[in-house]
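Asker: for reference, the sequence and a predicted model appear below.
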Amino acid sequence: SQELEQSPQSLIVQEGKNLTINCTSSKTLYGLYWYKQKYGEGLIFLMMLQKGGEEKSHEKITAKLDEKKQQSSLHITASQPNHAGIYLCGADTPTGNQFYFGTGTSLTVIP
Amino acid sequence: KAGVTQTPRYLIKTRGQQVTLSCSPISGHRSVSWYQQTPGQGLQFLFEYFSETQRNKGNFPGRFSGRQFSNSRSEMNVSTLELGDSALYLCASSLGGGGGYTFGSGTRLTVV
């Protein structure tokens, strides 16, 4: 089965600082997704990466997928309190009918 | 368009009881997946339904079951509730499976 390990497990940063969250897979990724979750709520889709070396940005969040398609990083520039939450990476299986989530990274941004 | 709707939002049940959770997907989405989220185990896949058929199942006991109706709405049932079943249950829909899921806000189940 697919295993997705995220690091760090939790992160506390001062507002305005940059930060990076990593997601490492035990197998080649066919589709890598990033979600954000506010405590006790559903997940909000952020970005999807499929091609090796792909990079996507939305506002101050940039996600990259490495060439080997086994690791992805999520970078937040100039963090703000509304960036706080749990960030989860997720991946498809090759058949596309099962989806695995990473272990999650809890982000706290101190004003 | 309306998002994924889960009902109820909160539920308190007693050990041994059973519970049914409901999920209405985005219109046109035929795949519905269920997940259990706990602080200790994170997000774990329960099962996925597509066109009224269970396509895939996670590693949960038979007390956890589900079904999907012809309008793609799905229900999840947990029988003989245990304290450890307390969790946030999330439902997600997509057009045909794959990770482009839209999630509902979840049902917070507390078993006492």
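Answerer: Sure thing, it's come through. Residues are numbered from 1 along each chain as shown, chains lettered A, B, ... in the order given.

Asker: excluding chain neighbours, what is closest to A:Gln14?
Answerer: A:Ile110 (5.4 Å; CB to CB, 6 or more residues apart in numbering or on different chains). From N, CA and C alone the C-beta is placed, and that goes for glycine too.

Asker: do the same with A:Ile12
Answerer: Per CB to CB, 6+ apart, closest to A:Ile12 is A:Thr108, 4.6 Å.

Asker: quick one: neighbours of that neighbour, just the number.
Answerer: A:Thr108: 13 surrounding residues under other CB atoms under 10 Å in any protein chain shown.

Asker: name the helices or strands packed onto the helix or strand hosting it?
Answerer: Using DSSP states H and E, the element containing A:Thr108 is strand A:105-110. Strand A:105-110 is packed against strand A:10-14, strand A:19-25, strand A:85-92, with contacts defined by 3 or more CB pairs under 8 Å, 6 or more residues apart in numbering or on different chains; DSSP states H and E.

Asker: repeat that with 6 Å
Answerer: strand A:10-14 (3 or more CB pairs under 6 Å, 6 or more residues apart in numbering or on different chains; DSSP states H and E).

Asker: hang on, the earlier thing: any idea of the pLDDT on the residue nearest to A:Ile12?
Answerer: pLDDT, A:Thr108: 97.

Asker: over to the one 3 residues further on?
Answerer: Confidence per residue is given as pLDDT, and for A:Pro111 that number is 92.

Asker: one more: A:Gly31?
Answerer: 85.

Asker: wait, does stretch A:61-68 contact chain B?
Answerer: No. Contact of stretch A:61-68 with chain B (CB under 6 Å from any CB of the partner chain) is absent, the minimum separation being 13.0 Å.

Asker: stretch A:21-29: end-to-end distance?
Answerer: 17 Å (CA to CA, to the nearest Å).

Asker: need the contact partners of it.
Answerer: Applying CB atoms under 6 Å, 6 or more residues apart in numbering or on different chains, the external contacts of stretch A:21-29 come out as A:2-7, A:69-74, A:87, A:89, A:91, A:102, A:105.

Asker: narrow those to those in strands?
Answerer: Cross-referencing these against strands under DSSP state E gives A:4-7, A:71-74, A:87, A:89, A:91, A:105.

Asker: confidence-wise, which of those comes last?
Answerer: Out of these, that is A:Ala91, at 88.

Asker: burial count for it?
Answerer: Using other CB under 10 Å, A:Ala91 has 24 other residues around it.

Asker: for it, which residues are in contact?
Answerer: A:2, A:4, A:29, A:32, A:100.

Asker: dig out what it forms beta bridges with.
Answerer: A:Leu32, A:Tyr100 (DSSP bridges).

Asker: next one: it relative to A:Tyr30, how far apart?
Answerer: To A:Tyr30, A:Ala91 is 7 Å away according to CB to CB, to the nearest Å.
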